[in-house]
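*Asks:* Provided below for reference: sequence and predicted model.
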Amino acid sequence: MFDPAFVDWNLPATACLPEEREQCAAPHLARQLSRLERMGLGQPFVMRPSALGLHWFPASHWLVGCGNAEVLHQPSVAVVGTRSPAAEEEAALRDWLDDSLQRLGLTVVSGGARGIDTMAHRAALRAGLPTVAVLAGGMLQAGPAQNRSLFAEIVAAGGCILTEQPLGCRPFDTLFVARNRTIAALSLGTLVVRAPVQSGALTTAGFARRLQRPVGVLPGAPWEPSAAGSNGLLVRGASVITQAGELGVLLGTALAEGSRALPLAPAAAQTFAVPSVALSEAASRLWAVLSAELEEGDEVVRLSGLAGGEAVAALTELELDGLLERRGTQWRRARR
């Protein structure tokens, strides 16, 4: 049913002795898939990121999901923001999303979290649009728990939920960084609705910029903490978005042509050295946030979510594999 490499990828290192690994990998995955089916999230699917043109993912990675995988090939917009929007703004934001996303008519990609993510998914469902929820952990850890019913609704309405983590992987901090990268990568552009200064939505916007995708911001009151980070994006070149028409203009010709006309990776990415062997988890995180241009190492590490020691080890691994170039304090992906 599945590629043996995928079966082995889902087997925890401690699940069995090395010499028994091949023998116990398939039954282990079969049990996991049985559990997934009992969760009522629909038929699982598996694909390599390269099937969607996502060639900068580590060679060892997979995308695992439930629902209609075909929506991943349709033009989409990422809608992200804070988990805790200001209470007095919630009704207005919900109405704005309902109207704007219905007028835009695109698949909506978000992170399945509380707050703006949930508003975006539900606005898509109310508008009769497909929506995609990208999870930080494995499919068996689909969360938050209060959104399990939302995930089932997404699948039932012709959308899907997916992740780049093994089925049983528990979500932790750095995996949310990877989740945000995938959200940006799957979309023509990213709309940040509300985001405080410390927000994963800002990381999603950062990945969109690295992928040469447009970033728009629905501005908030300057005194509102939940909008401080997203308003700050406007100073750094993001576009002001107040209505669906402005978002459509921001997405450009890809929307007009009804397909993903924007490149799924920067043109320069095609000249990168591509990982040909499995990277450690830390090296994978660092590789994911490196861009074609030299950037300060501190900023790269911040986006990766790695601790200092992990970042040093990952840096060394990528350099030894010829995947990273370093000039002073600045780093970038190595060129072929």
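*Replies:* Looks like it arrived, so ask away.
*Asks:* in the stretch 1-150 of the chain, what spans have low per-residue confidence?
*Replies:* Residue ranges of the stretch 1-150 of the chain with pLDDT under 70: 1-2, 13-15, 17-22, 55-60.
*Asks:* ok, which stretches of the stretch 201-336 of the chain are strands?
*Replies:* Counting by DSSP state E, counting those that start in this stretch, the stretch 201-336 of the chain has strands at residues 215-217, 239-240, 295-296, 324-327, 330-333.
*Asks:* so how far is stretch 68-83 off the chain centroid?
*Replies:* On the basis of CA atoms, centre = their mean, to the nearest Å, stretch 68-83 is displaced by 9 Å from the centre of the chain it belongs to.
*Asks:* now do the same end-to-end measure for it.
*Replies:* This stretch, stretch 68-83, spans 26 Å end to end (CA to CA, to the nearest Å).
*Asks:* for stretch 133-150, same thing?
*Replies:* Terminal-residue distance, stretch 133-150 (CA to CA): 10 Å.
*Asks:* same question, stretch 80-91
*Replies:* First-to-last residue span, stretch 80-91, CA to CA: 17 Å.
*Asks:* Mind listing residues that contact that stretch?
*Replies:* Residues from elsewhere that reach stretch 80-91, judged by CB atoms under 8 Å, 6 or more residues apart in numbering: 93, 110-111, 113-117, 119-120, 180, 183, 190-196, 199-201, 204-205, 220, 224, 226, 230. The C-beta positions use only the backbone N, C-alpha and C, and glycine is treated the same way.
*Asks:* picking that back up, point out the most buried one among the strands of the stretch 201-336 of the chain.
*Replies:* Of all the strands of the stretch 201-336 of the chain, strand 215-217 carries the top mean neighbour count, a mean of 26, counting by mean count of other CB atoms under 10 Å.
*Asks:* Parallel or antiparallel, list what pairs with that one.
*Replies:* strand 189-192 (parallel), strand 239-240 (parallel) (DSSP bridges).
*Asks:* Helices along the chain, start to end?
*Replies:* 4-9, 21-38, 90-104, 116-126, 148-156, 173-185, 200-210, 228-235, 244-251, 253-256, 281-289, 297-304, 308-320 (DSSP state H).
*Asks:* Tell me which of those helices lies nearest to G53.
*Replies:* G53 lies closest to helix 173-185 among the helices of the chain, at 8.9 Å (CB to CB).
*Asks:* contacts for that closest one?
*Replies:* 54, 63, 78, 80, 109-111, 134-137, 162-165, 169, 190, 200-201, 203-205, 207-208, 211, 213, 264, 281, 284-285, 288-289, 303-306.
*Asks:* swap in stretch 196-211?
*Replies:* 78, 80-82, 111, 116, 176-177, 179-181, 183-185, 187, 189-190, 192-195, 214-215, 225-230, 232-233, 238, 265-266, 289, 291, 303.
*Asks:* Buried ones among those?
*Replies:* 78, 80-82, 111, 116, 176-177, 179-181, 183-185, 187, 189-190, 192-195, 214-215, 226-230, 233, 238, 265-266, 289, 291, 303 (16 or more other CB atoms under 10 Å).
*Asks:* what about L125, how many neighbours?
*Replies:* When neighbours are counted by other CB atoms under 10 Å, L125 registers 19.
*Asks:* Please apply the same query to the one 10 residues further on.
*Replies:* Residue crowding around L135 was assessed by other CB under 10 Å; the count is 27.
*Asks:* ok, back up a step: could the helices of the chain go into a markdown table alongside distance to G328?
*Replies:* Below are the helices of the chain laid out as a markdown table (distance: least, CB to CB, whole Å):
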| stretch | distance to G328 |
| --- | --- |
| helix 4-9 | 37 |
| helix 21-38 | 43 |
| helix 90-104 | 43 |
| helix 116-126 | 38 |
| helix 148-156 | 46 |
| helix 173-185 | 25 |
| helix 200-210 | 20 |
| helix 228-235 | 27 |
| helix 244-251 | 35 |
| helix 253-256 | 37 |
| helix 281-289 | 17 |
| helix 297-304 | 9 |
| helix 308-320 | 13 |
